[in-house]
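J.: Sequence first, predicted coordinates after that:
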Protein chains: 2
Amino acid sequence: MILENIQSPADVKKLSEEERKELAVEVRKALMNRLTKKGGHFGPNFGMVEATIALHYVFESPRDKFVFDVSHQSYIHKMLTGRKDAYLYDEHFSDVSGYTNPEESEHDFFNIGHTSTSISLASGLAKARDLRGDKENVIAIIGDGSLSGGEALEGLDFVGEMDSNFIILFNDNDMSIAENHGGLYKGLRQLRESNGEHPNNLFRAMGLDYLYVDEGNDIEKLIEAFQRIKDIDHPIVVHINTVKGKGYRPAEVNKENWHWCMPFDEATGEYTGPISSEEDYGELTALYLMDKMKKDPMVSAVVAAVPTNIGFTEGRRKAAGKQFIDVGIAEEHAVAMVSGMAKNGGKPVFATHASFMQRTYDQLSQDLCINKNPATILINTASVYGMNDVTHLGIYDIPLIANIPNMVYLAPTSKKEYFAMLDWSIEQTQHPVCIRIPCNGVIDDARPVDTDYSDLNRFKMEHKGSKVAVIAAGDFYQLGETVAAYAKEKLGLDATLINPRFLTGLDTEMLEQLKDEHTLVVTLEDGMLEGGFGEKIASFYGASEMKVKNYGIRKSFPDRYDAEELMRENGITKEQITEDIQTFLSDAE
Amino acid sequence: MILENIQSPADVKKLSEEERKELAVEVRKALMNRLTKKGGHFGPNFGMVEATIALHYVFESPRDKFVFDVSHQSYIHKMLTGRKDAYLYDEHFSDVSGYTNPEESEHDFFNIGHTSTSISLASGLAKARDLRGDKENVIAIIGDGSLSGGEALEGLDFVGEMDSNFIILFNDNDMSIAENHGGLYKGLRQLRESNGEHPNNLFRAMGLDYLYVDEGNDIEKLIEAFQRIKDIDHPIVVHINTVKGKGYRPAEVNKENWHWCMPFDEATGEYTGPISSEEDYGELTALYLMDKMKKDPMVSAVVAAVPTNIGFTEGRRKAAGKQFIDVGIAEEHAVAMVSGMAKNGGKPVFATHASFMQRTYDQLSQDLCINKNPATILINTASVYGMNDVTHLGIYDIPLIANIPNMVYLAPTSKKEYFAMLDWSIEQTQHPVCIRIPCNGVIDDARPVDTDYSDLNRFKMEHKGSKVAVIAAGDFYQLGETVAAYAKEKLGLDATLINPRFLTGLDTEMLEQLKDEHTLVVTLEDGMLEGGFGEKIASFYGASEMKVKNYGIRKSFPDRYDAEELMRENGITKEQITEDIQTFLSDAE
């Protein structure tokens, strides 16, 4: 076996043509070993097997520097740079993350997980190289889906003006996560269909040199191309045409579903993990919006390359017609566009993951909130229970979004409340609204909910007790219930329980009233404490006799964490909170 | 006089060719009247006189919808849509803002002040139009400098896929604020030089139809072109070649200096306002960096189209050679690039305005802070004393930047401290660092400063008193001094005065010690309270006996405000704060 003997890229360089071909076979087997058992990014890696072998055959990593965009396609790079065991042997699966990681290897330069960053990051490596007077190759490796992101296009424009070595390996498989969107893909298709000859060439228009390689899954052709441009003295784009999911028939046929996979059976392609029969908000949201759109042609669903995050499968996308808009990886554009739609009488609902909303602060502030246009934005996986890779965390959205003037950020605490808020938001015409989709399962409890949220910042007292008030926001409301019940059991305390509903303002009237019969306010929020919701309550009561304890995640970048453990570390358990309450109450006596 | 009789675009449509030409002359006179006396955006408006007249002659505003990028070139549009008096008559100058503003006129659709947003906003108007089944023209008007911004490029890509009316009027004057930067400008030059025929065509590569008009300052040629594409059924870019500053010789010759102007004498072009002989941080920063770069080739100055915000005049840019990098309007790219430079041994210093840093949250978090690369970023005009248009406010940076994990955000309180922090930041290799350039003048006081800030979050007690501690951050430190002096005079109080220096963390040790001899902590920060610095102190003391009062600007979008008045409205005066302290102390007795 060849792969077992690859300790570093030097070992790749020793291989014959036949052995390189065999290595590709073994790499795919190793990928399959890990992916069938653990899941991960499938299509991007299967498509990049040949190119990665050729890169390591031709260039001298880590002196020559590879920067992988998103880095979800870097599994083969990891295998060839001393980390093969993490793919070959089950007991080593957790040795590596799913992305490049400088803590794992000197062959990785950045922790990367968001799209569209590689060109800019790599250009920085190149600029510092130039200041130092060195000559190594710097290579950004970017897939076509990432190219529509603003940062990638800014980067492309910038490097078009550089006058030293810089290589962009542009991996074109005609796919984003779902199908690609945007006019530039017409041009890319024209290039693929003309063997790179068509005049509509985005890269040349950006001032870059250009080389097309049609056989993007042919190691020898790629080696030939890379050898031609190695040590080049100016920036060039090498456009390679690859097949996403190459080498596994189901993935080649259904590229969208196989972008990322859960554990599955290789023979059938069927998912092998536990089947959940629980409702989920993605599916429920899609059903609601499909119905709403049927009744009102001005309602539309807008996504940025992750349509299924709100259940928009291919069939629904087609059925929704022009009321469904996928802008591609272009979150900034999406926010500005829905602001424009709302200005002109549209009722757009844009949805994406909290981590990707981070790209849009300026659009939320300038394009949307200064203009007070009534667009609706759904924030998904905004929770400690969201994605847990350091690059995809969903715990920063409250500080990011809730401090923007004019924004109304709603935190529903149940299924009924979520849909009541969503429906209100779509129909109202006064406010930009974000809604934080709960991440603790679909809770369908008996609590009645309001249908009108236009009286802003009215908290809801779900239970009136005394001494201690627990203000439990969004999907931590159920934790609030648990804490209250536990404190009742352990301390005989009848705590007040408040559902704030709004993250963007305080119900100062209710907070004032609490002073009458309470001495402690406890706040619970499913996200980072710093800049968040609870601190505002602490500030409100700062000069009063009321005591405040804020619970949330302390400022940090946790990586591949266990949610329960992270909660424990931050003191967010019913036991710890109740103990804190007990200490407080006995100190106060 | 023609302009005096223009009440609405309908009056423009009645004019003969001769009258249109005369209108252009009168419009320039009216621009000159306002700009010589009040200042404003000069070059962008003088260049767009003919195009704006032609637009209003051909299209039916407000049914047809114009969206001006940045909207600093919308003065003529304002004149032709009922707001001429604000340019003709001094007493009406304050009737209009410097940007489009829906509160002024139904011909304006958005408050716009940041670059690169027009295409996305306008595409939203168009998408809603399509859902409603209407047919009006939607026209985004964007200058070449704005095109390098990620949002504009995302928008361009998106509209390349639209299949209904959409017009981009691309105003190419071969300039950003300073000279343009980026590879796409090579392509634009090729288009200008080939009368639009060169194959390197960014717009066609993005899937768009294209029309070139070389005579961008010829009303009749523009009318002809606009009439051809009016009511077009698909997206098109109309690329017009204009002269920035057209019609005023000094502005045509020195385009950078005349992008924006202060009051001046028309005959000489000389500034007529009061001359300040005070030092300013832009100039001082440039002098420091020029010297630093000479001594160390790895140090570099990076800007995003506003080089003079840190004093990089044309001469200095040339002298700095490859150690000076202007990335153009591409702040996202800039942050990622400096992260890459720092990773590869570079010592980059990127500087821009607080308002423009808003575009970079995701790059600060993902590209820079997760990777902990030691780049330095200078945040300019981050203050109530910064720019005061609603689209350019500098009061949101603390919530935005200081809540990002791994970031070190420093707030110097004097000239000595600023340069000590800057020098430390450039030389250290552990942390991404932002430094908030003071905005209250260059204070050169006798207080000694530290040279090493690697022991993070150590506050500095500048004066030890008792009862009340004033924690005064950054350029509000002097306000803290004033408050302390006033409280001493009025109340006989010897307040403790603390310079926190760090905005990204608390000196919990010092805060604990304060409990011994203090009962009230007052925090002062030059920015928005919500999500900011003071709230963290309130949260820290939340469950203790210590009382906290936070002072800062309450969450809002103030527009064209008077800084002193805004401070008063928010209770941030020495009198109000001292009165609050007095009330607190007498309540506590």
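T.: Good, I have the coordinates. Residues are numbered from 1 along each chain as shown, chains lettered A, B, ... in the order given.

J.: Next secondary structure after the host helix or strand of A:Leu125?
T.: Assigned by DSSP states H and E, A:Leu125 belongs to helix A:118-132. As assigned by DSSP H and E, the chain's next helix or strand after helix A:118-132 is strand A:138-143.

J.: and that following strand, what does it pack onto?
T.: Using 3 or more Cβ pairs under 8 Å, 6 or more residues apart in numbering or on different chains; DSSP states H and E as the contact test, the elements touching strand A:138-143 are helix A:49-58, strand A:65-68, helix A:118-132, strand A:166-172. Placement of C-beta: from N, CA and C, glycine included.

J.: so that strand versus strand A:166-172, what angle?
T.: Interaxial angle of strand A:138-143 relative to strand A:166-172 (axes from the mean of the first three to the mean of the last three Cα atoms, to 10 degrees): 20 degrees.

J.: which neighbours does strand A:138-143 have in its sheet, and in what orientation?
T.: Within its sheet, strand A:138-143 is paired with strand A:65-68 (parallel), strand A:166-172 (parallel), according to DSSP bridges.

J.: could you give the mean pLDDT of the first one?
T.: Which is strand A:65-68. In this model, strand A:65-68 has a mean pLDDT of 98.

J.: Would you mind telling me which of the helices and strands packed on strand A:138-143 is nearest A:Phe109?
T.: Minimum separation from A:Phe109 across those (Cβ to Cβ) falls at strand A:65-68, 5.9 Å.

J.: how far out from the middle of the chain is the closest one?
T.: 21 Å (Cα atoms, centre = their mean, to the nearest Å).

J.: Which helix or strand lies directly C-terminal to that strand?
T.: On the C-terminal side of strand A:65-68, the closest following helix or strand by DSSP H and E is helix A:75-78.

J.: which residues touch the helix or strand following that next one?
T.: Later in the chain than helix A:75-78, the nearest helix or strand by DSSP H and E is helix A:85-88. By Cβ atoms under 8 Å, 6 or more residues apart in numbering or on different chains, the residues outside helix A:85-88 that reach it are A:3-4, A:30-31, A:33-34, A:75, A:78-79, A:92-96.

J.: Where does the prediction get shaky in chain A?
T.: Scanning chain A for pLDDT under 70 picks out A:176, A:589.

J.: ok, now how distant is A:Lys38 from chain B?
T.: Per Cβ to the nearest Cβ, to the nearest Å, A:Lys38 is found 23 Å from chain B.

J.: Enumerate every residue touching the residue lying closest to that residue once chain neighbours are set aside.
T.: Spatial nearest neighbour of A:Lys38, chain neighbours left out: A:Phe93 (5.4 Å); criterion: Cβ to Cβ, 6 or more residues apart in numbering or on different chains. The contact partners of A:Phe93, by Cβ under 8 Å, 6+ apart, come to A:34, A:37-38, A:86.

J.: go on, A:Pro199?
T.: When contacts are counted by Cβ under 8 Å, 6+ apart, A:Pro199 touches B:199-201, B:204.

J.: quick one: which of those is nearest to chain A?
T.: Chain A lies nearest to B:Pro199 out of the contacts of A:Pro199, by Cβ to the nearest Cβ, at 3.6 Å.

J.: State the helix or strand in which the closest one lies.
T.: Counting by DSSP H and E, there is no helix or strand that carries B:Pro199.

J.: Phi, psi for it please.
T.: Reported as degrees, to the nearest 10, the phi and psi values for B:Pro199 are phi -70, psi -20.

J.: Off-centre distance for stretch A:549-556?
T.: Centroid displacement of stretch A:549-556 relative to its chain, using Cα atoms, centre = their mean, is 22 Å.

J.: Quickly check: that stretch near chain B or not.
T.: Yes: Stretch A:549-556 reaches chain B (Cβ under 8 Å from any Cβ of the partner chain) through A:549-550, A:555-556.
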